[in-house]
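Enquirer: this one's structure only:
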Ligand code: MSP
């Protein structure tokens, strides 16, 4: 086979490449878009990993999908290119792992796939994952895409046949060098070879396989990562990949003998071999956008992958190398998250501590559980799950702080006209120095206005850096600050009938409602139903909920406010009922 330099391939005229934005085509120069917001209006394709069907979904899988969902929902809110957002997900159904799981369950592989794939689809539907496509790798369209991709690699001389010898880990579906294998006592005490990283058993494999010339791609990959410092986020994961690229990059076996692995896509033109499941799986990102038909080019490389840390090497080394090999660009972004443990332990079937996300959605509501996972999940490190933590967080942040704030400002006792009251600039002058005799606002109130005015930008920054939990942390801090504002001015002690009180009372409520409008708008990607309930109660119409229209407290800055004087939406009950009722009973009993 012909050996072609990868560097030459990349710049070679005539190689079919996706529509690469001009700045990226200049070898990922420093002017590349800095995150989803920077590329506002352009197309964006987000992907979740495709999930193995050897076991039922758990909360870690849902977390991966929710991160992708929140990013894509936020992107849609940026309009006007809102329609140009896609979110792909699906199931990874081939490979030794599935073949073995089906055999162990006494099922035909496809029977197992049908069953478990449906569970993932159902879970994501129930959790409000707004995917635009669900792909199964057993679908004919995917088989065609993989075979085409294979052909692209072969025609460029990047596949050779050779003897491949080494350890194979079926659980992780990867080959391992000797240095990454250790011995651990097995069930009857004898030493069993296992992967150092995952602890899963490995077995010695010696076969004639097709081998991808991965070693040729070490330098192009380094160039890509050096040229686009935001390609992999958060930063520690990018550094880890650069570190791997310091080491030798061995060629990669990309097929298995059909005798060992029959559950997969046969190598085109050689039925004795099955395509390696990771090559098969990674191509799903292209199949999802129509590859190999030309339409895929409008979504590639405008694609951001959301993945867990355990599959970083496959996405940040193998996948970009395969893409470069096939004459395509690496993806726009790879966003990496860490894992959930349960009560301090890794989730596993054998420990019996796997948390079923469907039960959590029922128990804590869809929005409640989405909020919990995204508020508490920190991509940079592992997070621990336990039920009390969910109850405590949701009760304090959604029920008490946010729900309480809405209730305080809209309850008929305090807002008898049920309207968005008028803002009085004399009571809350735009600068404390301009204060006249009617001014009632204090330094803390200016701090609140400044904090909420800055919030949308800060939230955008955190989303761009894949730190959604920080965005939520900041929203929550502003909710607390707004409650402090209401508490400070105790509008329930003011009287609508008093000419001295009324303008200030209206202003306090107006400011608090404006803060709530900002919170509701910003929370839409994470808690869509709760945000809808909140914004509907404030009388904010569907066309006024975009991030582009989010103009906080315009009256304070001397502009007209479209909400002032508007009727509030109908009262539809508590925004988020408390999960732990014991405290509400206590409050009722003691009247505090
Ligand atoms: N099939 C591959 C992905 C192929 S993508 C081309 C795979 N599947 S998986 O089902 O094992 O994992 C899917 C996702 O769930 C991965 O991003 C993985 O990191 C994530 N999680 C698996 N366990 C997890 C936790 N305990 N916590 C958080 N996420 C976890 O890998």
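Expert: Sure thing, it's come through. Please read all numbers here as calculations on a predicted model, not as lab measurements.

Enquirer: how many other residues sit next to the closest residue to the ligand within the stretch 301-450 of the chain?
Expert: Ranking the residues of the stretch 301-450 of the chain by distance to the ligand (Cβ to the nearest ligand atom) places residue 308 first, at 1.6 Å. No exception for glycine: its C-beta is placed from N, CA and C like everyone else's. As a burial measure, residue 308 scores 19 neighbours (other Cβ atoms under 10 Å).

Enquirer: I figured residue 372 hits residue 391, correct?
Expert: No: between residue 372 and residue 391 there is no contact under Cβ atoms under 8 Å: 9.4 Å.

Enquirer: Neighbour count: the two, which is higher?
Expert: residue 372 (22 against 18).

Enquirer: Give me the neighbour count for the residue of the stretch 151-300 of the chain found nearest the ligand.
Expert: For the stretch 151-300 of the chain and the ligand, the shortest gap (Cβ to the nearest ligand atom) falls at residue 281, measuring 3.9 Å. When neighbours are counted by other Cβ under 10 Å, residue 281 registers 26.

Enquirer: ditto for residue 412
Expert: 9.

Enquirer: what about it, which helix or strand?
Expert: Using DSSP states H and E, residue 412 sits within no helix or strand.

Enquirer: what sits against it?
Expert: Residue 412 makes contacts with residue 418, as judged by Cβ atoms under 8 Å, 6 or more residues apart in numbering.

Enquirer: so what pLDDT did it get?
Expert: pLDDT for residue 412: 93.

Enquirer: ok, now residue 27?
Expert: Note on residue 27: pLDDT of 26.

Enquirer: Mutual contacts of residue 372 and residue 391, please.
Expert: Here residue 372 and residue 391 have residue 364 as joint contacts, going by Cβ under 8 Å, 6+ apart.

Enquirer: Quick check: chain neighbours aside, which residue is closest to residue 257?
Expert: The shortest distance from residue 257 to any non-neighbouring residue, by Cβ to Cβ, 6 or more residues apart in numbering, is to residue 207 (4.9 Å).

Enquirer: Might one say that residue 240 is in contact with residue 247?
Expert: No: using Cβ under 8 Å, residue 240 makes no contact with residue 247, being 11.7 Å away.

Enquirer: Of the two, which one has the most company?
Expert: Ranked by neighbour count (other Cβ under 10 Å), residue 240 and residue 247 place residue 240 first, with 16 against 8.

Enquirer: Please confirm that that one is located within a strand.
Expert: No: Residue 240 is assigned helix when assessed by DSSP: H, G, I helix; E, B strand; the rest coil, not a strand.

Enquirer: mind listing what residue 392 touches?
Expert: Counting by Cβ under 8 Å, 6+ apart, residue 392 touches residue 580.

Enquirer: And stretch 392-411, what's buried?
Expert: Under the neighbour-count criterion of 16 or more other Cβ atoms under 10 Å, stretch 392-411 has 393-406, 408-410 buried.

Enquirer: I misspoke; the intended subject was stretch 217-228.
Expert: Of the residues in stretch 217-228, 217-218, 220-221, 224-225, 228 count as buried by neighbour count, 16+ other Cβ under 10 Å.

Enquirer: any chance you could map the helices in the stretch 1-150 of the chain?
Expert: All helices of the stretch 1-150 of the chain, identified by DSSP state H, counting those that start in this stretch, fall at 6-11, 22-25, 59-77, 96-105, 109-126, 140-155.

Enquirer: pLDDT averaged over the helix or strand hosting residue 307, what's the number?
Expert: Applying DSSP H and E as the criterion places residue 307 in strand 303-308. Mean pLDDT, computed over strand 303-308, is 98.

Enquirer: circling back to that earlier point, of all the helices of the stretch 1-150 of the chain, which gets the most neighbours per residue?
Expert: Between the helices of the stretch 1-150 of the chain, helix 59-77 has the highest mean count of neighbours, a mean of 24, where neighbours are mean count of other Cβ atoms under 10 Å.

Enquirer: what angle sits between that helix and helix 109-126?
Expert: Angular relation of helix 59-77 and helix 109-126 on a 0 to 180 degree scale: 50 degrees, by axes from the mean of the first three to the mean of the last three Cα atoms, to 10 degrees.

Enquirer: starting at the chain centroid, how far to helix 59-77?
Expert: Distance, stretch centre to chain centre, for helix 59-77: 4 Å (Cα atoms, centre = their mean, to the nearest Å).

Enquirer: before we move on, what about stretch 72-89?
Expert: Taking Cα atoms, centre = their mean, the mean C-alpha location of stretch 72-89 is offset from the chain mean by 13 Å.

Enquirer: for the residue nearest to residue 94 when sequence neighbours are not counted, phi and psi?
Expert: Nearest residue to residue 94, sequence neighbours excluded (Cβ to Cβ, 6+ apart): residue 264, at 4.1 Å. Residue 264 adopts backbone torsions of phi 180, psi -170, taken as degrees, to the nearest 10.

Enquirer: which residues touch residue 264?
Expert: Shown in contact with residue 264 (Cβ under 8 Å, 6+ apart): 94-95, 256, 274-275, 277, 280.

Enquirer: Same check on residue 451?
Expert: Residue 451 makes contact with 477-478, 481, according to Cβ under 8 Å, 6+ apart.

Enquirer: what are the phi and psi values for it?
Expert: The phi and psi values for residue 451, taken as degrees, to the nearest 10, are phi -60, psi -40.

Enquirer: Write out the residues of this structure neighbouring the ligand.
Expert: For the chain, the contact set with the ligand under Cβ under 6 Å from any ligand atom comprises 49-52, 60-61, 63-64, 92, 281-282, 284, 307-308, 310-311, 339-340, 347.

Enquirer: A helix includes residue 407, no?
Expert: Yes: Residue 407: assigned to a helix according to three-state DSSP.

Enquirer: how close does it get to residue 522?
Expert: 20 Å (Cβ to Cβ, to the nearest Å).

Enquirer: now swap in residue 238 and tell me
Expert: Distance, residue 238 to residue 522, by Cβ to Cβ: 27 Å.

Enquirer: So for the two, which sits in the more crowded spot?
Expert: Taking neighbours as other Cβ under 10 Å, residue 238 and residue 522 compare with residue 522 leading, 25 against 20.

Enquirer: Between helix 59-77 and whichever helix or strand the more buried one is part of, find me the angle.
Expert: For residue 522, the host element (DSSP H and E) is helix 502-523. On the basis of the same axes, to 10 degrees, helix 502-523 is oriented at 120 degrees to helix 59-77.
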